[in-house]
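Engineer: What follows is a predicted protein model with its sequence.
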Amino acid sequence: MKILVPIKRVADPDNANKLKISSDAKVDTTGLEWKPNPFDEYAVETALRLTENGANTKARVGEVVVVMFGPKEAESTLRAALATGADRAIRIDANDADLDGDVVAQGLKAIVDKEKPDLVLLGKQTVDSDSNQVAQLVAEYLGWPQATFAATIRSEGDKALHVGREVDGGTLHLKVTLPAVVSVDLRIVAPKSVRSAHTAEGHAYPDGVRFAALMAIMAAKKKPLVEEKLSDLVPGATRKIEYTSFALPPARAAGIKVKSVQELVQKLKAEAKVL
Amino acid sequence: MHFLPIEFIGAIRAEFPPRFLEEFISERSELEVFGRDATRDIAPNPSAVVFPRTTEEVSKLLRLCSAHNVSVVPSGGRTGLAGGAVAANGELVLSLEKMRAIGEVDVVARTVRVEAGAITEAVHRHCEKHGLTWPVDFASKGSSQVGGNIATNAGGVRVIRYGLTRQWVLGLQVVLANGDILELNGALEKNNTGPDLRQLFIGSEGVFGVITAATLKLAPVPPPASVFLLGLSSIDAVLSLFRELRRAPLTISAFEFFTDRCAARVSRHRRLEQPLSTPTPYYVLLELEAIEFSDVEPLLQSLFEKELIVDGTFAQHAAQAAALWSLRESISESLSATGRPHKNDIALPIAELESFCIKLEKLIETQYPGWELCLFGHIGDGNLHVNIMKPDALTEHEFCEHTARVDHAIFALVAEHGGSISAEHGIGLLKKDYLRYSRSPQELALFRAIKRVFDSKNILNPGKIIDL
């Protein structure tokens, strides 16, 4: 099976307190640490699990191609994906400011037309813009079936996937004929969530995303990484969504100390007006 | 159950606000909590617990304790592993936990004044906003307190880079047994006015005085470090790896090692999976300051070729680095949660590590045949944590008798190699009988003489480190 996994780098949410807004209400990215969007990391892990025998994760059956829209310095995120086991990488040169979900979906359609994967596998959303649109738009542009919010995937070779979707109050099971677009949710990296046609029934993976072996990190430098131009893929691409301004959440007012219960009650009545 | 003298209680009632006696703990279950630290070998038995709010209250309290011959155990975050904060003989526990104010950070002098009860991690967070940190860091930082860190001269995971707590204390406020308050060294970096009394209190485990506040020296927050987890096939390989890395032009900020036994306990208790695909008996968590992966690539390549490293991984971002660190930091907690460890915390000169380890392995094979040994530690500063897990078939008493016997053999070996029987846990009650393996009779006699100068009635943490 050939799988295309679009990934994005996001500002590390653990460093949220470092996020600054510039005077013109834009996000100031200087000094931020970057990491792959967690749902995209899950998508890469899922793609690896779908193209291997869980008992021998060194040999790949099929191909995993990672693709990213971003500037040159974002290539380290692609190299990291190559180190965990992806075979090839494509970077579409672009700045975040030129992109929205629709431009990205059109760009991905162009890549799919060239690469002809059996499956486009991606995170259900990014943790920075939280728009949750790209998987659905790509499926629409391609005219392919889609299964969003996948919590489990069982592969039947290159023909079809059984997908368990996270829905309110349970899991919705469906069969998707390939080629298709699948977006993954949190639980997809649980030990038994993904089973390829080559993995034995009952095989359990370690929970979560795999770490890259040192040897693989070194070898990843030699794996192919090609650059494409956004203007070649989507001539005249224009955004449909314009971000007009950003603002940090209002700072919490400092607390006060009261001397007595009477004063507390009085303040709750007069100032907080909750009594 | 021990009771405080009625005249003492009367004096407290007369001299302290009503709150002081209201907060006074004498409930048995709570007494047991405050009466001990993380050591599980000695049963707690305090008479009461008090919570002073100010240095003046500590001073007044100690004056009364002296007058009424009430013994006091100073108590911080109670994370100690040598029984230094255990009240086993009806002592009054003096908890510093209500004295936890953290002052303004002086970004120019790079200092901060804190009260003794300030939690280590809270100090880190407080200073981080200014790009500064107090580089005393260890697994129990979430509950340990600054006063306790200083009183035990705490070590931890950054010693190889920053040294012990002692290096990061500029000024100290101490209350003596007679109630005198000492301000030692203020906030001076340079102060060459004779012997430095401050140093006597750092690492004294509360037997000379009660630390109530300190001016801490801060360092710039280091840039994000590069974190590796490496799998190795032998202790020799661990030591050879350390030698290779020390020769390279790198700043090592951590070189922690642990065995597969430790990893298995961590995985049982915390459900943290070991991320390397090749199982190996030894693991090293290596942290290097500010490097590009490509800078160390040739070195890593050669280490693989020499078969020093069998497998390894490199954290690709901060969350992965934190995940690798938690494998190491969860060990102590996991051993205690999944069994009954007997802990030894020894230090050797780096040059002696290899020959010591060979002899230690032999000793353990003969003295503990088939027992589970969980070995980990900070090889980078010569510190080994030797943990023997209690076999189910032995009673607690049999286990302690056996380990006490073997400890003498281990410590004799430590002494033979010029090592220390306690690298960072301290002496407390637990290692008191073994102190002679690391300190000469002359040293111990001087120690007793100094104790009498500060605390002639022996009311401050009596029986800790030495008996008078």
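Structural biologist: That came in fine, so what should we check first?
Engineer: Measure how buried residue B:418 is and give me the count.
Structural biologist: Using other C-beta atoms under 10 Å in any protein chain shown, residue B:418 has 13 neighbouring residues. For the C-beta atoms, the positions are set from N, CA and C on the backbone; glycine is no exception.
Engineer: In the stretch 51-200 of chain B, mark out all the strands, start to finish.
Structural biologist: In the stretch 51-200 of chain B, the segments counted as strands under DSSP state E, counting those that start in this stretch are B:72-75, B:92-95, B:102-106, B:111-115, B:132-133, B:169-175, B:181-184.
Engineer: Tell me which of those strands sits most buried.
Structural biologist: strand B:72-75 (a mean of 28; mean count of other C-beta atoms under 10 Å in any protein chain shown).
Engineer: what's the nearest residue to residue B:288 if we skip its chain neighbours?
Structural biologist: With C-beta to C-beta, 6 or more residues apart in numbering or on different chains as the criterion, residue B:288 has its nearest non-adjacent residue at 4.8 Å, and that residue is residue B:226.
Engineer: rewinding a little: same list, the strands of the stretch 51-200 of chain B, but as a markdown table with mean pLDDT please.
Structural biologist: Below are those laid out as a markdown table (pLDDT from 0 to 100):
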| stretch | mean pLDDT |
| --- | --- |
| strand B:72-75 | 97 |
| strand B:92-95 | 96 |
| strand B:102-106 | 97 |
| strand B:111-115 | 98 |
| strand B:132-133 | 96 |
| strand B:169-175 | 97 |
| strand B:181-184 | 97 |
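Engineer: Can I get these in TSV including distance to chain A?
Structural biologist: Output for the strands of the stretch 51-200 of chain B, formatted as TSV (distance: least, C-beta to the nearest C-beta, whole Å):
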stretch	distance to chain A
strand B:72-75	26
strand B:92-95	22
strand B:102-106	16
strand B:111-115	18
strand B:132-133	15
strand B:169-175	25
strand B:181-184	27
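Engineer: Distance to residue A:97 for the ones you listed - can I get that in JSON lines?
Structural biologist: Below are the strands of the stretch 51-200 of chain B laid out as JSON lines (distance: least, C-beta to C-beta, whole Å):
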{"stretch": "strand B:72-75", "distance to residue A:97": "56"}
{"stretch": "strand B:92-95", "distance to residue A:97": "55"}
{"stretch": "strand B:102-106", "distance to residue A:97": "37"}
{"stretch": "strand B:111-115", "distance to residue A:97": "41"}
{"stretch": "strand B:132-133", "distance to residue A:97": "34"}
{"stretch": "strand B:169-175", "distance to residue A:97": "48"}
{"stretch": "strand B:181-184", "distance to residue A:97": "57"}
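Engineer: Quick one, which of the ones you listed gets closest to residue B:417.
Structural biologist: When these are ranked by proximity to residue B:417, the top entry is strand B:169-175, at 29.8 Å, counting by C-beta to C-beta.
Engineer: Parallel or antiparallel, list what pairs with that closest one.
Structural biologist: Applying DSSP bridges, strand B:169-175 is found paired with strand B:181-184 (antiparallel), strand B:210-217 (antiparallel).
Engineer: for the residue nearest to residue B:288, what are its contacts?
Structural biologist: Counting by C-beta atoms under 8 Å, 6 or more residues apart in numbering or on different chains, residue B:226 touches B:287-291, B:293, B:296, B:314-315.
Engineer: Could you list which of these belong to strands?
Structural biologist: Among the contacts of residue B:226, the members falling in strands (DSSP state E) are B:287-288, B:314.
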